[in-house]
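> just coords:
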């Protein structure tokens, strides 16, 4: 596979999977201390990687779960959170200035702080009450943080609802790293062909629903826009029919991420209509990937992780096809703004 080290990748993702039990133990201690709610305060693209976990809690548990942009929360506050809140931050570098500012603000308000970081001995690690470190970089971070925050959500779910399948679900998730290498192998030919197909296309609309929506959003903003300077519009499948459909013409590029959770019909509806207009409807379906050993309910949970693993292969091939290195930036981290 192009620019891919399976052993290194497996090491990172296995490191994330190995945190399942330590995370569960930490969450248990927080409940013992009187935990009353949880807040996911993301900053930048990594915030999207928290969202499937947050949404799972919001839809499946009565436990109060809040989501805020860290940079905005310190300006607006949120009366629902404070002492008794566990606030979660994720960061590859551990040095993002907006995240540090938000973390410092949360400490002043009496929050408990959990950080998940990809670099040790950084401000986000040192300032936290609980911090889990698993070395990762951009090509491996999505799966890493999707999985770790999912463990946080499942641990809370097991303590706040009837969830007897917790042990089985976690056991299956621990097998995911090796399966993700298989996802990459399965997707590699399509990634190479698709990168060549779209190398000169400069506008895309990316559709998703449910937990797959967050990967659609992430890939549009953090990869195609930031790393390739391609105009990209992420649109939730439920919003597509409230404006975006009027943009469709025969050559409009539509990517549709079809996951396996209860919202799949929303993406299928977009596919049915868009295919009657555009000749460039590109469907990516997590059901197409062989994931031996995963039950249907677990497959539904990991759709965004599967897409992240597959699309990393696409990123490598887009980089080659377009002659545009993924690390090149014009503005990002180059100025004080």
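Thanks, I have it. The structure presented is a predicted model; accordingly, all values stated were derived computationally and were not measured. Numbering: from 1, shown residues only.

> The stretch 51-200 of the chain: strands as residue ranges?
65-69, 85-91, 112-117, 130-133 (DSSP state E, counting those that start in this stretch).

> can I get those in CSV with distance to residue 194, mean neighbour count and mean pLDDT?
Just so you know, the C-beta spots here come from the backbone N, C-alpha and C atoms, and that holds for glycine as well. As requested, these are exported to CSV (distance: least, CB to CB, whole Å; neighbours: other CB atoms under 10 Å; pLDDT from 0 to 100):
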stretch, distance to residue 194, mean neighbour count, mean pLDDT
strand 65-69, 32, 19, 95
strand 85-91, 29, 26, 95
strand 112-117, 31, 25, 96
strand 130-133, 35, 18, 96
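
> Of all those, which one comes closest to residue 165?
strand 65-69 (20.0 Å; CB to CB).

> So what angle separates the directions of the closest one and strand 85-91?
50 degrees (axes from the mean of the first three to the mean of the last three CA atoms, to 10 degrees).

> Direction included, what does strand 65-69 pair against?
Taking DSSP bridges as the criterion, strand 65-69 forms sheet pairs with strand 37-42 (parallel).

> quick one: average pLDDT of the partner strand?
Strand 37-42 shows a mean pLDDT of 94.

> ditto for stretch 271-288
For stretch 271-288, the mean confidence score works out to 98.

> got a list of contacts for that stretch?
Contacts of stretch 271-288 with the rest of the structure, by CB atoms under 8 Å, 6 or more residues apart in numbering, involve 186, 194, 212, 241, 245, 248-260, 299, 302-303, 306-307, 310.

> Which of those fall within helices?
186, 194, 212, 299, 302, 303, 306, 307, 310 (DSSP state H).

> how deep is the nearest residue to the first one once chain neighbours are set aside tucked in, by neighbour count?
Nearest residue to residue 186 in three dimensions, chain neighbours excluded: residue 289, at 5.8 Å (CB to CB, 6 or more residues apart in numbering). Close neighbours of residue 289, defined as other CB atoms under 10 Å, add up to 22.

> same deal with residue 74?
19.

> Residue 269 now?
15.

> tell me the mean pLDDT for stretch 181-189?
Here the average pLDDT along stretch 181-189 is 98.

> Tell me the buried residues in it?
181, 183, 184, 186, 187, 188 (16 or more other CB atoms under 10 Å).

> Ok, stretch 158-170 next?
158, 159, 163, 169, 170.

> So residue 233, which state does it fall into?
With DSSP: H, G, I helix; E, B strand; the rest coil as the basis, residue 233 sits in strand.

> how near is it to residue 49?
As judged by CB to CB, to the nearest Å, residue 233 and residue 49 stand 20 Å apart.

> what about those two, which has more around it?
Neighbours per residue, other CB under 10 Å: of residue 233 and residue 49, the larger number sits with residue 49, 29 against 13.

> wait, what's in contact with the more buried one?
Counting by CB under 8 Å, 6+ apart, the residues that residue 49 touches are 42, 90, 141, 142, 145, 146, 149, 214, 218.

> Ignoring the adjacent residues along the chain, who's closest to the fifth one?
Across the structure, with CB to CB, 6+ apart as the measure, the residue nearest residue 145 apart from its sequence neighbours is residue 49 (4.0 Å).

> In a helix, the one you found, correct?
Yes - according to three-state DSSP, residue 49 belongs to a helix.

> And the pLDDT at it?
pLDDT, residue 49: 96.

> So the residue nearest the centre of the chain versus residue 249, what's the distance?
The centroid of the chain falls nearest to residue 49 when counting by CA atoms, centre = their mean (2.6 Å). Distance, residue 49 to residue 249, using CB to CB: 33 Å.

> same deal with residue 91?
Following CB to CB, the distance that separates residue 91 from residue 249 is 40 Å.

> With residue 261 instead?
31 Å.

> Same question for residue 276.
For residue 276, the distance to residue 249 - CB to CB - is 12 Å.

> What mean pLDDT does stretch 298-308 get?
98.

> mind listing what the closest residue to residue 160 other than its chain neighbours touches?
Once flanking residues are discounted, residue 160 sits nearest to residue 63: 4.3 Å by CB to CB, 6+ apart. Residues near residue 63 by CB under 8 Å, 6+ apart: 37, 38, 57, 156, 157, 160.

> Could you work out the most separated pair of those residues?
37 and 157 (14.2 Å).

> higher neighbour count, these two?
Using other CB under 10 Å as the criterion, residue 37 and residue 157 rank with residue 157 on top: 20 against 17.
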